[in-house]
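Asker: just need the structure, nothing else, for what follows:
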Amino acid sequence: VREKNRKKEVVLARQIAMFLSKKLTKASLKTIGLHFGGRDHSTVIHAFNNIEKLTAEDVSLNELVNGLRNKLELGI
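Answerer: The predicted structure is shown next:
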């Protein structure tokens, strides 16, 4: 997820991870980007906006992201 891989599955996983990082931490966009292979803050913004859009359109993706969020919040 931290590599410069552009495969669709990896990109989606990375974007979900960035989305959750922004939602669940107080880390700056720059800091989040650095933890994902030195990406720019604008990449984190794009990932966040993209996952918000996709979860609004896709019920199964929304359930996946919410499930991951719940597990992270509970520390599972």
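Asker: list the buried residues of stretch 44-56.
Answerer: Neighbour-count burial for stretch 44-56, counted by 16 or more other CB atoms under 10 Å, picks out 44, 47, 48, 50, 51, 54, 55. C-beta here means a position set from N, CA and C on the backbone, and glycine is covered the same way.
Asker: scratch that, stretch 14-34 is what I was asking about
Answerer: Of all the residues in stretch 14-34, those buried under the rule 16+ other CB under 10 Å are 14, 15, 16, 17, 18, 19, 20, 21, 22, 29, 32, 33.
Asker: determine which two of these are furthest apart.
Answerer: Taking CB to CB as the measure, the buried residues of stretch 14-34 span a maximum distance of 16.1 Å, between 16 and 29.
Asker: quick check: the gap between the residue lying closest to residue 45 once chain neighbours are set aside and residue 65.
Answerer: Nearest residue to residue 45, sequence neighbours excluded (CB to CB, 6 or more residues apart in numbering): residue 29, at 6.3 Å. Distance from residue 29 to residue 65, counting by CB to CB, to the nearest Å: 19 Å.
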